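Enquirer: what follows is a predicted structure for the sequence shown.
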Amino acid sequence: MKKLGLRSIAVAVVVIIFCFNVSFAHPLLSDDASTVAPEKFDFEISYDQLKADQSPSISYSEITLIQGINKRTDIYILLPYTISPTPVTAIGTARLGMKFGLAKDLFAVTIDNELGSKVYFLNTVLSIRGKKASMHLNLGYNSFCTPGISDTTNYSVALELPKKNNSYMAEIIGLDGEPAKFWVLGLLHNFGSHFSGSLAYGKSFKDSSDRISAATHFYF
C-alpha cells in the first residue's frame with residue numbers, strides 16, 4: 001500500500017475533524033483580531049492529536065514564528081512535523097501568512113499559503129471586547145486544489161474569559177452550512193510577561209471525532 005505524504009494525511013484529517021487551519025491560535029482554532037506589536041515576536045510550539053470517527057489518530061507538532069511589521073500587520077511562518085502515523089517525510093511543507101488589522105483589535109483578515117502549492121487559506125475575524133469577556137467571530141475559506149479534498153467554508157464563535165493569570169476559552173465551529181459541528185474548551189495560563197502555556201480539548205457534536213492539544217508560547 002502506498003503511504004500518504006505528510007500534508008495529505010494531516011490536511012485530510014483536519015478537514016474531516018476541525019476545518020479551520022490549526023496554527024498560532026492555540027488553544028482555540030479560532031483567531032482574534034489583534035496583531036503582534038511592531039518589531040515584537042511570538043514563538044509557539046504546539047502538539048495536536050486528532051482522531052476522526054472510525055479512523056486512526058494522527059499526532060503532529062507545529063512550530064510558528066510571528067513578527068509584528070507595523071501597528072496593524074504581522075507576518076508568520078509555520079512548520080509542521082508529523083509524529084504518527086509514520087509518514088514518508090516527517091517534516092511538512094511550511095506555511096507563510098500575513099494578518100492585516102483593518103480596524104485595530106476589531107476586524108482583521110489573514111491570508112495563508114502552503115509554500116510551493118496551491119493550498120490557500122483566507123480568514124476574517126471580528127473581535128468584540130468587553131470589560132470581563134471577549135467574543136471572536138471567524139469566517140474562513142480554505143482552497144485545497146487537491147483531488148479528493150473539497151474546498152471548505154467554515155465559521156466559529158469563540159468566547160474568552162480572562163481571570164488573573166488564566167484565560168478560559170470556549171468555541172463552537174461550523175462547516176459548510178452546518179452551524180454547530182464541533183465544540184472546543186481551552187485554558188491559557190500566563191507564567192509571566194514572556195511565557196504562557198495552553199491546553200484544549202474538542203469534540204464533534206455528532207460522532208466520536210475529537211482533538212487534544214497543548215502549546216507553549218514565548219513573547220519577546
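Expert: Noted; the coordinates are in hand. Numbers count the residues shown, from 1 in each chain.
Enquirer: sort out which residues of the helix or strand in which residue 67 is found are buried, please.
Expert: Assigned by DSSP states H and E, residue 67 belongs to strand 57-70. Neighbour counts over strand 57-70 (16 or more other Cβ atoms under 10 Å) mark 58, 60-62, 64, 66-68 as buried. In short, each C-beta sits where N, CA and C put it, glycine included.
Enquirer: how about stretch 202-218?
Expert: Quick answer for stretch 202-218 (16+ other Cβ under 10 Å): 202-204, 209-215, 217.
Enquirer: just to revisit the earlier point, which one of the buried residues of strand 57-70 is nearest to residue 36?
Expert: Distance ranking of those against residue 36, using Cβ to Cβ, places residue 68 first at 3.7 Å.
Enquirer: got a list of what that closest one touches?
Expert: 35-41, 74 (Cβ atoms under 8 Å, 6 or more residues apart in numbering).
Enquirer: where does pLDDT dip in this protein?
Expert: Within the chain, the segments meeting pLDDT under 70 span 1-25.
Enquirer: where do the strands sit along it?
Expert: 41-51, 57-70, 73-84, 95-103, 107-114, 120-129, 134-143, 152-163, 166-175, 178-190, 195-204, 210-219 (DSSP state E).
Enquirer: partner strands of the fourth one, parallel or antiparallel?
Expert: Pointing back at strand 95-103 there. strand 73-84 (antiparallel), strand 107-114 (antiparallel) (DSSP bridges).
Enquirer: going by neighbour count, which residues in the shortest one are buried?
Expert: Across strand 107-114, burial judged by 16+ other Cβ under 10 Å covers 108, 110, 112-114.
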